[in-house]
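Colleague: just to be clear, the model below is a prediction. Sequence and coordinates:
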Protein chains: 2
Amino acid sequence: MIYLDNAATSFPKPENVYTSMEKCIKTYCANPGRGSHSMSVQSSLEVNNTREKLASLLKTNDSLNICFTKNATEALNMAILGCLKEGDHVITTCMEHNSVLRPLKTLEKYNGIKLTIVEGDGVGRIDPFIIKRHINKKTRLIACTLSSNVNGIIMPVREISKIAESKGILFLLDASQGLGSIDIDLGRIYTSMLAFPGHKGLLGPQGTGGLYVSSGVRLNPLMSGGTGSKSEYLLQPDIMPDRFESGTLNTPGIVGLGAGVEFVLKTGLSEIKRKKDTLIKRLNDGLSQNRSIKLYNPQDVNENSGIVAFNVKDTDSSEICALLDKRYSIECRSGLHCAPLAHKHFNTNKTGMIRLSVGYFNTMDEIDNTILAINRIIYDVANKY
Amino acid sequence: MIYLDNAATSFPKPENVYTSMEKCIKTYCANPGRGSHSMSVQSSLEVNNTREKLASLLKTNDSLNICFTKNATEALNMAILGCLKEGDHVITTCMEHNSVLRPLKTLEKYNGIKLTIVEGDGVGRIDPFIIKRHINKKTRLIACTLSSNVNGIIMPVREISKIAESKGILFLLDASQGLGSIDIDLGRIYTSMLAFPGHKGLLGPQGTGGLYVSSGVRLNPLMSGGTGSKSEYLLQPDIMPDRFESGTLNTPGIVGLGAGVEFVLKTGLSEIKRKKDTLIKRLNDGLSQNRSIKLYNPQDVNENSGIVAFNVKDTDSSEICALLDKRYSIECRSGLHCAPLAHKHFNTNKTGMIRLSVGYFNTMDEIDNTILAINRIIYDVANKY
């Protein structure tokens, strides 16, 4: 089996993710932050350990500003629904995932916000100055993905964040694609909120994610409930991170995420990027030899978070993906990837795209075999099998 | 180590919870509901397998009406925030957890709902007729816990649900305490929404829970985002369970929950209840011999979901718990248990309570040793160590 769906969720995980989760759930997993017995205390310590590692990855001293969520979608909803009110104007891009677009479109439809969605260029690259041009007095938030989950294009988020900073506008960074190989230094890049999944580039398990909320940014929580703190209060307490962490946390998941982040930190972002770049270059160069293939990803690996996206003439993307799976056990993704406006942008909203997304654990052999398999399938499809 | 904090989270889990999660995360864990490759398909199948098992446990044919959440708190917020609007009146009880009280109090403060909180009797037992008396034309929701997380009292939820049904009022059952040993038959008890954690009586891992939403009950989703379905829609699709399952699900967690539910189904609710009843009776009878102890839990095991709650004269509950942990490695919980109104009801909001909560895997020996340990500590505290 060749797994090339790392943009959906990374597989496999570093060995220590498995072993640390097993140790947690089998030996000490009590309710963190509730009660003072030793298992509960150890659970709390391990949860905060992961928080510290994430703070170290993001280069912030404010680890308590990182709140754990079940996935990036929850984090993005917390950010978007938590900071906007009627009359606010928001700027976002056509390359966003539905986890950004749907909350914004919901607020636009039912809660009176105004929304501007800026278009990208041929590979979906956003021009920061187009964003700047759309800013008005009501602009409260700019929301932008770190890189596209459709074709991997890395966005000029530093430039966009500078514009937001200079205008006193909140900047929400959706780091779902790219965190774990792209360096994000919260000390150097103005970020009001940063949402991330735990199970993609950070190599942790599903059921994890988080939201970093910069000090001074005031959000209404998405939900309220037991926090283990100020239990006598009948309203949500105003303590970070408790304010955004109602209910029992996913301790084994968070412990596994900690092991994933540790692997990333030890391996080094640059080494992970170098490895992914090499794989993507080989894959891209290999496929670009085939004249039936139309590639949608940026050709420069420095602009690509790890995706090769393509179509084969007019063939539906799902047909190619199904053959890759059935014949060669190559696991990749067809369809719209929950990013309908990006597909509209590329005029692929009917056919979808075939998305191959690499991870640190893929090998060059896997890439070469994938190229061979795709060429063989294209030949067979052209010749009606 | 003797673990008596099962009301916070159950420990240990059945062996198959560990092995099924390990198999999932190591061999097939892709993104369920996204893509059609074989790992993704297997992940989807396993997620739906757990859904079927939960439907079987709850005796409903509508497994697609069960949505997965990260914990019961998310499920309760989905239910409460999703069904109420300005002007609605809600009835709940003093025995609720902050996961019910805080969302309701937030809506009362900021969104113009009216809230009636009914008091219980000496053990917190709610009289359904008091609830009935408070119903008015604006009453939209009755929210009640299946049993108290403070003292284990099982509520007359069947009678309360009948009142709600007869008046056409939504009934939200918080099954956080008791599901997995108390029989809930959705075919026979009127339930508009039922919220549950996966990691307590269902013996699954943390990071899991769910909300059952009866057909015909219309809820606004708490969040929106990628669902893997109708990706071309820029608003949340209206399909169950996708409408309430935005973002990547916790596949390994849900698989583990399935194994937990399977254990419960195979063992049988009545056998689990019998075992817990035996443990609780011994613990209750043992502690009631000591004149320094004041018990707060119902004495009849048929009214108790598995908790013995007590105080030692005026001693702060945390002091006793700390000694139980340090000297005897007995893990239990002091404080307010995120249920401030219940403690106010018992006049224990200053001292808290010591809560011993049993699970299916506790043994009679552990109970006997706990009674001995508590008696010894009480003696030592009385004699200043």
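Modeller: Noted; the coordinates are in hand.

Colleague: going by C-alpha atoms from here, please, whenever you check contacts or count neighbours.
Modeller: Noted.

Colleague: wait, doesn't residue A:357 sit right on residue A:304?
Modeller: No: the criterion here is CA atoms under 8 Å, and residue A:357 misses it with residue A:304 at 10.6 Å.

Colleague: who has more neighbours out of these two?
Modeller: Set residue A:357 next to residue A:304 and count neighbours by other CA atoms under 10 Å in any protein chain shown: residue A:357 wins out with 29 against 25.

Colleague: and for the residue most central in space within chain A, nearest residue in space, chain neighbours not counted?
Modeller: Among the residues of chain A, the one closest to the centroid is residue A:176, at 0.8 Å (CA atoms, centre = their mean). Nearest non-adjacent residue to residue A:176, counting by CA to CA, 6 or more residues apart in numbering or on different chains: residue A:196, 4.9 Å away.

Colleague: show me what contacts residue A:13?
Modeller: Residues near residue A:13 by CA atoms under 8 Å, 6 or more residues apart in numbering or on different chains: A:203-205, A:260, B:26.

Colleague: change it to 7 Å
Modeller: A:203-204 (CA atoms under 7 Å, 6 or more residues apart in numbering or on different chains).

Colleague: list phi and psi for the residue in the stretch 51-200 of chain A that chain B sits nearest to.
Modeller: When scored by CA to the nearest CA, the stretch 51-200 of chain A has residue A:99 as its residue closest to chain B, at 3.6 Å. Main-chain dihedrals, residue A:99, degrees, to the nearest 10: phi -70, psi -20.

Colleague: so it touches residue A:73, yeah?
Modeller: Yes: Residue A:99 sits in contact with residue A:73 when judged by CA atoms under 7 Å, with a separation of 5.3 Å.

Colleague: anything in contact with each of the two?
Modeller: Common contacts of residue A:99 and residue A:73, defined by CA under 7 Å, 6+ apart, comprise residue B:225.

Colleague: show me which of these two is the more surrounded one.
Modeller: The neighbour comparison of residue A:99 against residue A:73 (other CA under 10 Å) goes to residue A:73, with 31 against 26.

Colleague: quick one: pLDDT of that one?
Modeller: At residue A:73, the model reports a pLDDT of 98.

Colleague: just confirm it contacts residue B:245, I think it does.
Modeller: No: when contacts are counted by CA under 7 Å, residue A:73 is not listed as touching residue B:245 (9.9 Å).

Colleague: burial of residue A:316, as a residue count?
Modeller: Residue A:316 is flanked by 18 other residues according to other CA under 10 Å.

Colleague: could you check how many residues crowd around the residue nearest to residue A:176?
Modeller: Residue neighbour count, defined by other CA under 10 Å, stands at 28 for residue A:196.

Colleague: can you list the strands that the helix or strand hosting it pairs with?
Modeller: Assigned by DSSP states H and E, residue A:196 falls within strand A:193-197. Sheet pairing of strand A:193-197 (DSSP bridges) gives strand A:170-174 (parallel), strand A:209-213 (antiparallel).

Colleague: got JSON lines for those strands, with mean pLDDT and mean neighbour count too?
Modeller: Below are the strands paired with strand A:193-197 laid out as JSON lines (pLDDT from 0 to 100; neighbours: other CA atoms under 10 Å in any protein chain shown):
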{"stretch": "strand A:170-174", "mean pLDDT": "98", "mean neighbour count": "25"}
{"stretch": "strand A:209-213", "mean pLDDT": "98", "mean neighbour count": "27"}
